[in-house]
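Colleague: coords please:
(chains A, B and C)
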Amino acid sequence: MNTVESLNPEQKKAVIADNENMLVLAGAGSGKTSVLTHRTAWLVNEQGVPPMNILAVTFTNKAAKEMRSRVESLLDISTHGMWIGTFHGIAHRLLRRHAGEIGLDPQFKILDQDDQLQIVKKIVKDLNIDDKIYPPRTIRAFIGARKDEGVRADSLHSSDSRYDYTYIKAFQAYETQLRVDKALDFADLLLYVHDLFDQNEGVRRSYQDRFKVILVDEFQDTNKIQYDWLKLLVTTQNSIMAVGDDDQSIYGWRGAKVENIFKFQKEYAPVSVIKLEQNYRSTQTILDAANAVIANNEERMGKNLWSDGDKGEPIAIYEAVSERDEAAYVSTKIADKLKMGVSADQVAILYRSNAQSRALEEALITQKVSYRIYGGVRYFERAEIKDVLAYLRLIAMPEDNLAFERIINVPTRGIGLRTIDKIREYARDSHLSLWASAEDMVEAKLLPAKALNTIKTFIVMINGMKSLIQPLGLADKIKVVLEGSGLLEFHGSSKHEKAQQKLENMQELVNAAQNFNPPVDVVEEQEMLQEFLAFAVLESGESQADENTPAVQLMTLHSAKGLEFPHVYMVGLEEGLFPTSRSVDMEEKLSEERRLCYVGITRAMKALTISYATSRFQYGESSFPMKSRFLNEIPKEHTQSVRMGNTKPKTFGFGVSPTDFLNKRAKAIASHTSPIGSQYKQGDIVEHAKFGMGVFLGNEGDGEDARLHVDFKGGYGAKVLVAKYARLTKIS
DNA sequence: TAATCAGCTTTTTTT
DNA sequence: AAGCTGATTA
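Modeller: Reported below is the predicted structural model:
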């Protein structure tokens, strides 16, 4: 199939370009993925480029999957030989192949963030670092930031005055520990591939030869090390096409460098630059709003989205009195839409931080709206899942100290800290693994009788499972481990609140293994396990919820990038939350927040609703935020204030437009002083005969007919009361 | 050694 | 609100 005809001139230009370096600046919804997939198809179908000579790199697994399936539908032949994957996925694949060439143990394991943190914690303890001054999280962030910019511990000198010596020391210890554990973190995957290409000319050449065409998606999100290793692959004989949008750069905090786009233009010259500005996704109103917001950023490459579609509906703005009110509004509106025949999966709720999902979930449940949540603790990051995987690891590789430490006393089997400390000590002195040390110590009876017995039982159990498991397939291996480890029984008989959920999660792992499809051709069972373990880290949370039933999607703005929905609700547009309080006094960070807002707005195809609350319960206390500056950046002619109950504004006979009226009211409520005549101030604690204590949020009008907004404690929530009947008592 | 509890801190985004 | 740490009790 060839559908180049369906493309616009700019898209077409990018698709049928010669073997040249190209930068495609693709605005939101401008058909970026179409360009990437059609280019691939055109190369294969028309130019006869074999799929195996193409490398396509994305950032998320979702994007990689989508790309493969869309390419497949355009191709006459199989995409099997084509490399499509995330930076990390491809790096992993390369390293498994070439571990030997750069002195890596081919059995290396991959650490997720939690594993990293555990290691840092251990180091903090070992080095007697004060964790009040140097919290492990901060140290981890330091290490991550250095590695993302390609700086290794051994290239940092203790005299380097840029950094506190303690960080450097911890960094060095961390790197040593990773080598001992034969473990790589996410950044290592990229770093080692860089080293591989940099140091091994033969390997570099072979991939330069192989990849005639390199396609990179979301180029604005590349960090230094990713940029560098791509560069090592490009020669005068092949070409690279970078697709990105500087306005959608939202991962600066993770080391992404928008500047890479500028650098690309210089370092890969001559580069043909193609701008895709025609948007096929959203109404003109939505685009105008997005353009207006992003125009407040400096240092843009400059793009303006346009569409030849309809103007569409104005953007609805809802001012809530609390996060519960906000959630109630959003969920009732969604329920209404579903009743009108909108399918649930056409609707998304987007928020700045995962913590915001809670109130929304509760409200959706009340409305009986089925929803699916993305993010939060991902499936393979759950403690109980990692426990099971640790058993598998220890059984397969007894020298895996990380696995040993994780499960030696999970479920609790009477092996306490004292015993574990002794094993650690023995291991350190004898340079053995913890497992081997435990074996030795049992042999030589180096422990008190009780500890000796429990350890012995543990060893026998692991060894027993080992021989049992050997011939079994992955799913059956897991079944044996669930039973044999005692994990099933432990959680099954636990009266802990979450025990049932944990049990189900663990059972689900058997299914996950059953359905697991290794990305490379695997022959040995051992290799299968290794691929599964890597998959669990690299693709920790993909598609666990069943995707068959349509559901409203809840996710952060970050994870919404690249997606689109006919109906979008963007909630929590409040100063301090979005933009976050940590960004407001730094221009750079504020710009990134604004780009995030731009991403959010441009997810919407037909209808966009934005909401904010004048009071929000967070971090265990009430706050009274002002509405987000981003809201004020949207031209008023594109918005319409809405209220609970009716989307259409009421008519007012005062010669004042409804919008104006509501804006005035919004101001009155958002400001900390109420209009003259009210006896309460925002934030006052008041008491009501029936509802008890509450926080006064604001009022509409004054005198005895004034409507008072109060957020009551004790499960009553936000209420609107008429002043003359309310009989509130002011407490403070 | 294990489980429970009180008091403490900590809050963004994720391959 | 929720998770973590340290102390206390069984």
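
Colleague: Which single residue in the stretch 51-200 of chain A comes nearest to DNA strand C?
Modeller: In the stretch 51-200 of chain A, the residue found nearest to DNA strand C is A:Lys121; the distance is 6.7 Å by Cβ to the nearest atom of the strand. (C-beta placed from N, C-alpha, C; glycine too.)

Colleague: What pLDDT does the model give that residue?
Modeller: pLDDT recorded at A:Lys121 is 88.

Colleague: next one: A:Glu542
Modeller: In this model, A:Glu542 carries a pLDDT of 56.

Colleague: What of A:Gly701?
Modeller: 52.

Colleague: List, one by one, the residues from the stretch 551-700 of chain A near DNA strand B.
Modeller: With the criterion set to Cβ under 7 Å from any atom of the strand, the stretch 551-700 of chain A comes near DNA strand B through A:Met555, A:Thr556, A:His558, A:Ser559, A:Thr580, A:Arg582, A:Ser583, A:Tyr619, A:Gly620.

Colleague: Name the member of these with the most neighbours.
Modeller: A:Met555 (21 neighbours; other Cβ atoms under 10 Å).

Colleague: any residues touching the helix or strand containing it, and which ones?
Modeller: Assigning secondary structure by DSSP states H and E places A:Met555 in strand A:552-556. Here strand A:552-556 makes contact (Cβ atoms under 8 Å, 6 or more residues apart in numbering) with A:334, A:344-345, A:347-354, A:357, A:360-361, A:364, A:369-375, A:565.

Colleague: what is the rounded mean pLDDT of it?
Modeller: 92.

Colleague: And it, how far out from the chain middle?
Modeller: Distance, stretch centre to chain centre, for strand A:552-556: 12 Å (Cα atoms, centre = their mean, to the nearest Å).

Colleague: before we move on, the earlier item: TSV please, covering the residues of the stretch 551-700 of chain A next to DNA strand B and showing secondary structure and distance to A:Thr58.
Modeller: Formatted as TSV, these follow (DSSP: H, G, I helix; E, B strand; the rest coil; distance: Cβ to Cβ, whole Å):
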residue	secondary structure	distance to A:Thr58
A:Met555	strand	18
A:Thr556	strand	19
A:His558	helix	15
A:Ser559	helix	14
A:Thr580	strand	27
A:Arg582	coil	28
A:Ser583	coil	27
A:Tyr619	coil	35
A:Gly620	coil	39
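
Colleague: Nearest to DNA strand C among these?
Modeller: When these are ranked by distance to DNA strand C (Cβ to the nearest atom of the strand), A:Gly620 comes first, at 3.0 Å.

Colleague: Now do the same for that closest one: its pLDDT.
Modeller: With respect to pLDDT, A:Gly620 scores 80.

Colleague: now swap in the one 4 residues further on and tell me
Modeller: pLDDT for A:Phe624: 90.

Colleague: Equivalent analysis for A:Ile365, please.
Modeller: 88.

Colleague: count of neighbours near it?
Modeller: 12.

Colleague: any idea which helix or strand comes after the helix or strand that it is a member of?
Modeller: A:Ile365 belongs to helix A:357-366 when assigned by DSSP H and E. The helix or strand immediately downstream of helix A:357-366 is strand A:371-373, counting by DSSP H and E.

Colleague: List buried residues within the contacts of strand A:552-556.
Modeller: A:334, A:344-345, A:347-352, A:354, A:357, A:360-361, A:364, A:369, A:371-374, A:565 (16 or more other Cβ atoms under 10 Å).

Colleague: returning to what we had before: so in that sheet, which strands flank the strand holding A:Met555, and in what orientation?
Modeller: strand A:347-351 (parallel), strand A:371-373 (parallel) (DSSP bridges).

Colleague: Find the nearest non-adjacent residue to A:Phe142, please.
Modeller: Sequence neighbours aside, A:Tyr167 is the residue nearest to A:Phe142 in space, at 4.8 Å (criterion: Cβ to Cβ, 6 or more residues apart in numbering).

Colleague: what's the neighbour count on whatever residue of the stretch 351-500 of chain A ends up closest to DNA strand C?
Modeller: Closest residue of the stretch 351-500 of chain A to DNA strand C, Cβ to the nearest atom of the strand: A:Arg358 (6.7 Å). Neighbourhood size, A:Arg358 [other Cβ under 10 Å]: 12.

Colleague: if I look at it, how far off is A:Leu554?
Modeller: Using Cβ to Cβ, to the nearest Å, A:Arg358 is found at 10 Å from A:Leu554.

Colleague: For the two, list the residues in contact with both.
Modeller: What both A:Arg358 and A:Leu554 touch, as defined by Cβ under 8 Å, 6+ apart, is an empty set.

Colleague: what's the most distant pair in the residues of the stretch 551-700 of chain A next to DNA strand B?
Modeller: A:Ser559 and A:Gly620 (25.9 Å; Cβ to Cβ).
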